[in-house]
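Engineer: Could you look at this predicted model? Sequence included:
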Amino acid sequence: MNRDELQQAVIKAIQVVAPEIEGDEIDADEALREECDLDSMDYLHFLAALKQSTAINVPDADYGRVDTLNKLLDYLQQAGSQ
Amino acid sequence: MSKIIDVTMPSLGADMTEGTLVEWQAKPGDTLNKGDIIALLETQKGMIDMEVYQQGVITELLLEPVVSVPVGTVMARMSVAGEAARPAAPEASHTAAHSVAQAAAIKSPPVTSDQVQQTVIPQSIRPRQGLLASPVVRKLAAEQQLDLSRLSGSGPEGAILLRDLPANGPEANAAGSPDPAQAMRSAIAAAMAKSKREIPHYYLSLEIDITRAQRWLADFNAERVPEERILLLALLLKAIARSLHKYPALNGYYQQQTFTPNSAIHIGNVISLREGGLVVPAIHHVDQLSVEEIMVRLRDLSERSRRGVLRSSELLDASITVSNMGERGSDLLFGVIYPPQVAIIGIGKPRKTMLIKDDQPEVAEVVTVSLAADHRVSDGMTGARFLNARANKLQKPEKL
């Protein structure tokens, strides 16, 4: 997947828990959970949906590396190319 | 020996005043077991599968869907065995005006689906013409000549619910609550005002070292996919449930000037809805569940609260409530007791701090846990002992 496709997958996974969120509302350099109002349970549901569409598992220990949309996309691109 | 009992519109918490019968899920002559679903309701708390609390045979259905009636309205009658008393499910608040029920009552009972559906998404809102909408919504849409395909639904799989319709429907006006968000707000206001008026709260808080618990969780979650990970809340609930056994004065119901402790530990979990307001569904028998099982229930409740259907018993019989603000909340929260319960536990935001251990400073992770309890039933010392018992349990997370 290229970055645009990954971004679409991320937005879709967010909409699983937060249907009202539109992709262009998210500031890509701000804390993603704040931007989308995701609590810890929402976040787990989101990661599960993301894993389903991208086959990439973000481990618990890496939460800090994916806390903005841009950082998450960097992470997914890197993981996808390995 | 058998006797006839009334099946009434349940009060799913002190803040509920009325509910809408959307569809019967059983018909006269059907035998239902305790926990079987008799009807689908739509309430201020969303779609609810209404369960029966005793085994018996339905003798009459008194209301024809779709109709809104006050809490306590007799909806149906059942023939049950013996003279068994009704099980002690708390009656939160009965403000029923029975005249409305009589006005709505009909003579010949309607016969609907003979299938009892227990799935998360009830059959009644599955697509009939490729569009998800409950019968009440279809009926109103037909009356108002609305095009349902132009509306967006907030229910399971995008199902269109009552709250998604324009607020000026005749049914909505008849029910006196044209705006569902406002209805939920008023309901919360009523329950919380009653609580603050009647319950002499006392408040305690304790900072609990969760360094070990967090380390245990990190180890547990490290190799697991998101679907199998555990949140701190599941551990905290287990520690609460295991400590509560020794403190019965915090777990039960206060009604008619009498406190009745509950032997079972049913913990209500405050879940904020994205569209505003909250629901407090219970996890039953938390003390008998493993931490993993508690997590499964928490996931399920959060999914169903926000997008699906809750069961009436889940909203009816919590014997204590936990309000968890999570990582984005405040350091400390003091709850307002949910009548007829007698205690609410608040969980603040986990945070890193410096603790002094053996006279040495040490970086630790802590969470501040609070207790608001009913002074008619317990005293501060009881509450403090309970908080400390729980703090101790959390030092050995592997044993929870």
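Structural biologist: All right, it came through fine.
Engineer: where does residue A:80 land on pLDDT?
Structural biologist: What the model reports for residue A:80 is a pLDDT of 83.
Engineer: Actually, residue B:237.
Structural biologist: In this model, residue B:237 carries a pLDDT of 97.
Engineer: Would you confirm that it contacts residue B:320?
Structural biologist: No: applying CB atoms under 8 Å, one finds residue B:237 not in contact with residue B:320, separated by 10.6 Å. Glycine gets a C-beta too; all of them are placed from N, C-alpha and C.
Engineer: Find residues that contact each of those two.
Structural biologist: Taking CB atoms under 8 Å, 6 or more residues apart in numbering or on different chains as the contact rule, residue B:237 and residue B:320 both touch residue B:267.
Engineer: For residue B:194, the count of nearby residues, please.
Structural biologist: Residue B:194 has 18 neighbouring residues, counting by other CB atoms under 10 Å in any protein chain shown.
Engineer: Could you pick out the residues of the stretch 151-300 of chain B near chain A for me?
Structural biologist: B:154, B:218, B:221-227, B:229, B:231-233, B:272, B:274, B:298-299 (CB under 8 Å from any CB of the partner chain).
Engineer: What remains of those if I keep only buried residues?
Structural biologist: The neighbour count (16 or more other CB atoms under 10 Å in any protein chain shown) marks B:154, B:221, B:226, B:229, B:231-233, B:272, B:298-299 as buried among these.
Engineer: In a markdown table, list these along with secondary structure and pLDDT.
Structural biologist: Below are those laid out as a markdown table (DSSP: H, G, I helix; E, B strand; the rest coil; pLDDT from 0 to 100):
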| residue | secondary structure | pLDDT |
| --- | --- | --- |
| B:154 | coil | 61 |
| B:221 | helix | 96 |
| B:226 | helix | 94 |
| B:229 | coil | 96 |
| B:231 | coil | 96 |
| B:232 | helix | 95 |
| B:233 | helix | 96 |
| B:272 | strand | 85 |
| B:298 | helix | 95 |
| B:299 | helix | 93 |
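Engineer: and chain A, which residues reach chain B?
Structural biologist: A:17-20, A:33-34, A:37, A:39-42, A:44-45, A:47-48, A:51, A:57-61.
Engineer: at 10 Å instead, please
Structural biologist: Residues of chain A lying close to chain B by CB under 10 Å from any CB of the partner chain are A:16-21, A:31, A:33-34, A:37-52, A:57-61, A:63.
Engineer: Within the helices and strands, which one has residue B:205?
Structural biologist: strand B:201-209 (DSSP states H and E).
Engineer: Could you list the paired strands of that strand along with their orientation?
Structural biologist: strand B:360-374 (antiparallel) (DSSP bridges).
Engineer: Next secondary structure after the partner strand?
Structural biologist: helix B:380-393.
Engineer: Tell me which other helices or strands that next one touches.
Structural biologist: Packing contacts for helix B:380-393, counted by 3 or more CB pairs under 10 Å, 6 or more residues apart in numbering or on different chains; DSSP states H and E, involve strand B:201-209, helix B:232-244, strand B:343-347, strand B:360-374.
Engineer: Alpha carbons of it, in PDB - could you do that?
Structural biologist: C-alpha atoms of helix B:380-393 as PDB (Å, rounded to 0.1, in the frame of the first residue of the first chain):
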ATOM      1  CA  GLY B 380     -15.800   6.400  56.300                       C
ATOM      2  CA  MET B 381     -13.600   3.900  58.100                       C
ATOM      3  CA  THR B 382     -15.300   1.000  56.200                       C
ATOM      4  CA  GLY B 383     -14.700   2.800  52.900                       C
ATOM      5  CA  ALA B 384     -11.100   3.500  53.700                       C
ATOM      6  CA  ARG B 385     -10.400  -0.100  54.600                       C
ATOM      7  CA  PHE B 386     -12.000  -1.100  51.300                       C
ATOM      8  CA  LEU B 387      -9.800   1.200  49.300                       C
ATOM      9  CA  ASN B 388      -6.700  -0.100  51.100                       C
ATOM     10  CA  ALA B 389      -7.700  -3.700  50.600                       C
ATOM     11  CA  ARG B 390      -7.900  -3.000  46.900                       C
ATOM     12  CA  ALA B 391      -4.600  -1.200  46.800                       C
ATOM     13  CA  ASN B 392      -3.000  -4.300  48.300                       C
ATOM     14  CA  LYS B 393      -4.600  -6.600  45.800                       C
END
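Engineer: Okay, buried residues for the strand holding residue B:205 please.
Structural biologist: B:201, B:204-209.
Engineer: before we move on, back to that, of all the helices and strands packed on helix B:380-393, which one comes closest to residue B:260?
Structural biologist: Nearest to residue B:260, of all the helices and strands packed on helix B:380-393, is strand B:360-374, at 12.6 Å by CB to CB.
Engineer: Could you figure out how far that closest one is turned away from helix B:232-244?
Structural biologist: 70 degrees (axes from the mean of the first three to the mean of the last three CA atoms, to 10 degrees).
Engineer: element containing the spatially most central residue of chain A?
Structural biologist: Geometric centre of chain A, nearest residue: residue A:10, 4.4 Å, by CA atoms, centre = their mean. Counting by DSSP H and E, the element that carries residue A:10 is helix A:3-17.
Engineer: What is that helix packed up against?
Structural biologist: By 3+ CB pairs under 10 Å, 6+ apart, helix A:3-17 packs against helix A:32-36, helix A:40-54, helix A:69-80, helix B:291-307.
Engineer: interface residues of the stretch 301-400 of chain B facing chain A?
Structural biologist: Near chain A, the residues belonging to the stretch 301-400 of chain B are B:301-303, B:306-307, B:324-329, B:350 when assessed by CB under 10 Å from any CB.
Engineer: Are any of those buried, and if so which?
Structural biologist: B:301-302, B:306-307, B:324-326, B:329, B:350.
Engineer: Can you tell me which of those residues lies closest to residue B:390?
Structural biologist: Nearest to residue B:390 among these, counting by CB to CB, is residue B:324 at 13.8 Å.
Engineer: Sketch out the low-pLDDT regions of chain A for me.
Structural biologist: For chain A, not a single residue meets the criterion pLDDT under 70.
Engineer: Over to chain B?
Structural biologist: Along chain B, the parts satisfying pLDDT under 70 run over B:13-15, B:83-159, B:161-180, B:307-308.
Engineer: packing partners for the helix ranked longest in it?
Structural biologist: As assigned by DSSP state H, the longest helix anywhere in chain B is helix B:180-198. If you count contacts as 3+ CB pairs under 10 Å, 6+ apart, helix B:180-198 packs onto strand B:37-43, strand B:278-279, strand B:360-374.
Engineer: Quick check: phi and psi on residue B:49?
Structural biologist: Main-chain torsions, residue B:49, degrees, to the nearest 10: phi -80, psi 110.
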